[in-house]
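Below is the sequence, then the predicted model.
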Amino acid sequence: GESVGLHLPTLSVQEGDNSIINCAYSNSASDYFIWYKQESGKGPQFIIDIRSNMDKRQGQRVTVLLNKTVKHLSLQIAATQPGDSAVYFCAEMAGSGGYQKVTFGTGTKLQVIP
Amino acid sequence: EPEVTQTPSHQVTQMGQEVILRCVPISNHLYFYWYRQILGQKVEFLVSFYNNEISEKSEIFDDQFSVERPDGSNFTLKIRSTKLEDSAMYFCASSSSGADTQYFGPGTRLTVL
């Protein structure tokens, strides 16, 4: 069945270092992936997305890499800042009839050490 | 920047009572969703709504749940008879199409006593 899961529950990084958060998915038919950031007490906030016809996409300080061969997704955050501390979810969009739902992974907590 | 809003931010209710959670999606969006997140767990899909009808629902979304778009701006989730296990954060989301990015509201924390 479909599943989206994360390798590590907690990641601690020094301020200024780069962060890499990994995610595995099992449904080879998945074609759209999103990274969301969730700060304490807030809703998931869209960070960046990637479709299966791409293997890399860059945003401001963030890069998402998609390896369809091994069904792996990663989020790279450059020059991590204290404001990046949050739980990061990779998510998969899938559905039927054109109506898609977001399936979230379990989340990785990123702790930035000042 | 347009955003999804939700009210109330926190709702406390007694077991067996009805609650209505309210959402105002982004104004030009046509697809609406409810998700929930039990404390310490991942966000789970409940229901999607388009063109005034449910397009998909999860097994969580049983007969105790209903959704409605009562006017041109609000989208509500009703739980008819709340149970202790309904305690969670409930997130509303909206998107411009079924295949586009969903934007989430800040959530309503529901506490059932």
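Structure's in. What do you need? Computed from a predicted structure; not experimentally measured. Numbers count the residues shown, from 1 in each chain, chains lettered A, B, ... in the order given.

how close does the residue most central in space within chain B get to residue A:92?
By C-alpha atoms, centre = their mean, the mean C-alpha position of chain B lies nearest to residue B:34, the distance being 3.3 Å. To residue A:92, residue B:34 is 18 Å away according to C-beta to C-beta, to the nearest Å. Heads up, the C-betas are built off the backbone N, CA and C, glycines and all.

where does chain A have low pLDDT?
A:1-8, A:94-99 (pLDDT under 70).

rerun that using 50 as the cut-off
A:1-3, A:6-7 (pLDDT under 50).

Kindly list the longest strand within it.
strand A:86-96 (DSSP state E).

Least confident secondary structure element in chain B?
Every helix and strand of chain B was ranked by mean pLDDT, DSSP states H and E. The lowest is strand B:53-57, at a mean of 91.

check which helix or strand covers the residue lying closest to residue B:111 once chain neighbours are set aside.
Counting by C-beta to C-beta, 6 or more residues apart in numbering or on different chains, residue B:12 is the residue found nearest to residue B:111 once chain neighbours are left out, at 4.7 Å. Per DSSP states H and E: residue B:12 is located in strand B:10-13.

partners of that strand, with directions?
Applying DSSP bridges to the sheet, strand B:10-13 is found paired with strand B:108-112 (parallel).

What are the buried residues along the partner strand?
B:108-110, B:112 (16 or more other C-beta atoms under 10 Å in any protein chain shown).

Equivalent analysis for stretch A:56-69, please.
Buried residues in stretch A:56-69 (16+ other C-beta under 10 Å): A:62-66.

How about stretch A:101-114?
Applying 16+ other C-beta under 10 Å to stretch A:101-114 flags A:101-110, A:112 as buried.

Tabulate those residues (a markdown table), appending distance to chain B and secondary structure.
Rendered in a markdown table, the data for the buried residues of stretch A:101-114 read as follows (distance: C-beta to the nearest C-beta, whole Å; DSSP: H, G, I helix; E, B strand; the rest coil):
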| residue | distance to chain B | secondary structure |
| --- | --- | --- |
| A:101 | 4 | strand |
| A:102 | 6 | strand |
| A:103 | 7 | strand |
| A:104 | 4 | strand |
| A:105 | 7 | coil |
| A:106 | 5 | coil |
| A:107 | 6 | coil |
| A:108 | 11 | strand |
| A:109 | 11 | strand |
| A:110 | 16 | strand |
| A:112 | 21 | strand |
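
For chain B, see how far away residue A:19 is.
Per C-beta to the nearest C-beta, to the nearest Å, residue A:19 is found 20 Å from chain B.

now swap in residue A:13 and tell me
When residue A:13 is compared with chain B (using C-beta to the nearest C-beta), they lie 22 Å apart.

quick one: strands adjacent to the helix or strand hosting that residue?
Assigned by DSSP H and E, residue A:13 belongs to strand A:10-14. Sheet pairing for strand A:10-14, assigned by DSSP bridges, gives strand A:108-113 (parallel).

My read is that residue B:13 contacts residue B:87, right?
No: using C-beta atoms under 8 Å, residue B:13 makes no contact with residue B:87, being 9.4 Å away.
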